[in-house]
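Undergrad: whatever this is, show me its structure:
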Amino acid sequence: MAARGRCPECGSAALVEDAHYAQQQLVCAACGCVLAEGLLTTTYTEEEHLREVAYSQSTGQKEQLSRCLQRGIRRVQDLCKVLQLPAGFEETAVSYFQRALQLPAFHLVSLEKKELLGGCCVFVTCRQRSWPLTMGTVCSLLYARQDLFASVFLSLQKELGLSVPALSLADLVTTHLNSFRLLQPAANVPAPFLEDKEKLLARTTGIVELASETWLVTGRHPVPIVTAAAFLAWQSLRPGPRLSCPLARFCRLAGVDLPPPAHLRLKELLEILLGMASQLSWLRGFALDKKTVVKHIGDLLQHRVFLLRNAFSQHDGEEQHDTAPGQGSPSSPPVAQDKGCPPAGKRQRGGTRRPLLPPCLLHPRKRLRPAAPSAPDSAVTGDEPISDSEIEQYLRSPEEIRAFRKAKAWQ
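TA: Residues are numbered from 1 along each chain as shown. The predicted structure follows:
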């Protein structure tokens, strides 16, 4: 059927309406240019009247959303079953997913983000109900990148206005230790390396609490701290065959990743333990080092309040007048000792205690030193002439600028 108008491509007036399947199109018969496309289908309410509407309001779009919703709900339900969550968690997560899909912000996102949306709903539900679940666990189950998962999670939290509490460190310890293969007999785990779950959990929690009291947790990623604490707890429960096992092998046997900062957190924990051991009366006769102090972690945790108060000063300036440069001063890191605790213990029993401060203040990072002034610049007398451009930098108010210009005109 012919229609009025001309083709914008070739200028021909031979325009026809062509039914491509069920879709009406306005096509140029000369060059084949498609000038306009019709509408695919109608809504449920307007199908009886045969009135054409936009595709976003059509039955086809509703069916697409319905299939997407069904797949997402199944994904949420399967994830809840794998994590063995209570029934109430599943209902809440499904409701969050249904609300999120109704928002325009999630209509035009990629299919990968839509698949992660269900995992984010489960993650939010667990956090709101104090269920220990980490983002890394959900990402491993969904084979997703953590940065992409985090972006979808933040979008969900913003669009729905959800309040998501942070996971406490004690809950994180429980979640992290549940994935350890050292808690169950396995073919590749030697018998002396197996440990009871409850004992390891209690000892690790105590070391993590000690790290929190000594500024080792603030502003840092918790997983390296929990990994280092679990390693020390595991060694201290049966030190005989385990002291020779390094941290890297421990993580391999446990089946967990070794975060790079874990070695630094382990070193900082051992320094705190050595300082505490120097104040324990029945350990003063022993030459303790970073390996042998692990044997006494149980005693150190039992008396940690008393030992921390005696081993470290609670204020920056407390007892600093007796401290030699480089020994306990926050402006300079303490001198490293190869022999371990006795030198530090002698200094602490002699009355000098280093302050209990965050490591960033005890060991500040090296900063670039300013360049040494040249010989002419070093001899500054204060009588040097000041240029006009430099004077203008010091003038702020309009009155000062007018006065300066008037004085300059009189010269």
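
Undergrad: only C-alpha atoms from now on, for both contacts and neighbour counts.
TA: Noted.

Undergrad: could you report the separation of the residue nearest the centre of the chain from residue 264?
TA: Nearest to the geometric centre of the chain sits residue 221, at 6.4 Å (CA atoms, centre = their mean). Between residue 221 and residue 264 the computed distance is 12 Å (CA to CA, to the nearest Å).

Undergrad: domains for the chain, by residue range?
TA: According to the TED database, the chain comprises the domains 1-51, 67-165, 170-313.

Undergrad: quick one: average pLDDT of the first one?
TA: What it means is domain 1-51. The average pLDDT for domain 1-51 rounds to 66.

Undergrad: over to the second one?
TA: Averaging the model's pLDDT scores along domain 67-165 yields 88.

Undergrad: quick one: it to chain centroid distance?
TA: Computed by CA atoms, centre = their mean, to the nearest Å, the chain-centroid distance of domain 67-165 equals 18 Å.

Undergrad: quick one: end-to-end distance for that domain.
TA: End residues of domain 67-165 are separated by 32 Å (CA to CA).

Undergrad: hang on, the earlier thing: and the residue nearest to the centre of the chain, its phi and psi?
TA: Here is the backbone geometry of residue 221 (degrees, to the nearest 10): phi -70, psi 130.

Undergrad: give the contact list for it.
TA: Residue 221 is in contact with no residue at all, counting by CA atoms under 8 Å, 6 or more residues apart in numbering.

Undergrad: number the residues from 53 up from this point.
TA: Got it, the first residue is 53 from now on, which makes the last one we talked about residue 273.

Undergrad: quick one, grab the pLDDT at it.
TA: 82.

Undergrad: burial count for residue 250?
TA: 11 (other CA atoms under 10 Å).

Undergrad: to clarify, my last question referred to residue 186.
TA: Neighbour number of residue 186 under other CA under 10 Å is 16.

Undergrad: quick one: it and residue 174, what's the gap?
TA: 11 Å.

Undergrad: ok, now residue 455?
TA: Residue 455 sits 69 Å away from residue 174, going by CA to CA.

Undergrad: the more surrounded of the two?
TA: residue 174 (26 against 11).

Undergrad: which SS class is the more buried one?
TA: With DSSP: H, G, I helix; E, B strand; the rest coil as the basis, residue 174 sits in helix.

Undergrad: what's the neighbour count on the residue nearest to it when sequence neighbours are not counted?
TA: Spatial nearest neighbour of residue 174, chain neighbours left out: residue 145 (5.2 Å); criterion: CA to CA, 6 or more residues apart in numbering. Per other CA under 10 Å, the neighbour tally for residue 145 reads 23.

Undergrad: let me see the contact set for residue 145.
TA: Here residue 145 is in contact with 128, 170, 173-174, 176-177 (criterion: CA under 8 Å, 6+ apart).

Undergrad: go with 6 Å
TA: Applying CA atoms under 6 Å, 6 or more residues apart in numbering, we find residue 145 in contact with 173-174, 177.

Undergrad: wait, a helix at it?
TA: Yes - counting by three-state DSSP, residue 145 is located in a helix.

Undergrad: and it, how far is that from residue 193?
TA: 16 Å.

Undergrad: what of residue 410?
TA: From residue 410 over to residue 193 the distance is 36 Å, taken as CA to CA.

Undergrad: same check, this time on residue 159
TA: From residue 159 across to residue 193, the span is 24 Å (CA to CA).

Undergrad: which non-adjacent residue is nearest residue 157?
TA: Closest residue to residue 157 apart from its sequence neighbours, by CA to CA, 6+ apart: residue 211 at 7.8 Å.

Undergrad: what about the one you found, how many residues nearby?
TA: 14.

Undergrad: which residues in the stretch 153-302 of the chain form strands?
TA: Counting by DSSP state E, counting those that start in this stretch, the stretch 153-302 of the chain has no strands at all.

Undergrad: so residue 78: helix, strand or coil?
TA: On the three-state scheme (three-state DSSP), residue 78 is labelled strand.

Undergrad: residues near it, how many?
TA: Number of residues near residue 78 (other CA under 10 Å) recorded here: 21.

Undergrad: please apply the same query to residue 165.
TA: The burial count for residue 165: 19, using other CA under 10 Å.

Undergrad: roughly how far does the nearest residue to residue 83 once chain neighbours are set aside sit from residue 85?
TA: Spatial nearest neighbour of residue 83, chain neighbours left out: residue 62 (6.9 Å); criterion: CA to CA, 6+ apart. Per CA to CA, residue 62 is found 9 Å from residue 85.

Undergrad: higher neighbour count, these two?
TA: residue 85 (15 against 12).

Undergrad: who touches the more buried one in this structure?
TA: Taking CA under 6 Å, 6+ apart as the test, what residue 85 contacts is residue 79.

Undergrad: can you tell me how far the residue nearest to residue 157 is from residue 266?
TA: 38 Å.

Undergrad: leaving out chain neighbours, which residue sits closest to residue 178?
TA: Nearest to residue 178 is residue 185, by CA to CA, 6+ apart, at 6.5 Å.

Undergrad: residue 214 now?
TA: residue 208 (7.9 Å).

Undergrad: just give the number of residues close to that neighbour.
TA: Going by other CA under 10 Å, the residues that sit close to residue 208 add up to 23.

Undergrad: tally of neighbours for residue 326?
TA: The local packing of residue 326 (other CA under 10 Å) involves 25 other residues.

Undergrad: could you look up the SS state of it?
TA: Here residue 326 is recorded as helix under three-state DSSP.

Undergrad: now it: how far from residue 125?
TA: 53 Å.

Undergrad: please apply the same query to residue 435.
TA: Per CA to CA, residue 435 is found 80 Å from residue 125.

Undergrad: which of these two has more neighbours?
TA: Higher neighbour count among residue 435 and residue 125: residue 125, with 20 against 6, using other CA under 10 Å.

Undergrad: what residue, apart from its backbone neighbours, is nearest the more buried one spatially?
TA: residue 146 (6.1 Å).

Undergrad: how much space between the one you found and residue 290?
TA: Distance from residue 146 to residue 290, by CA to CA: 46 Å.
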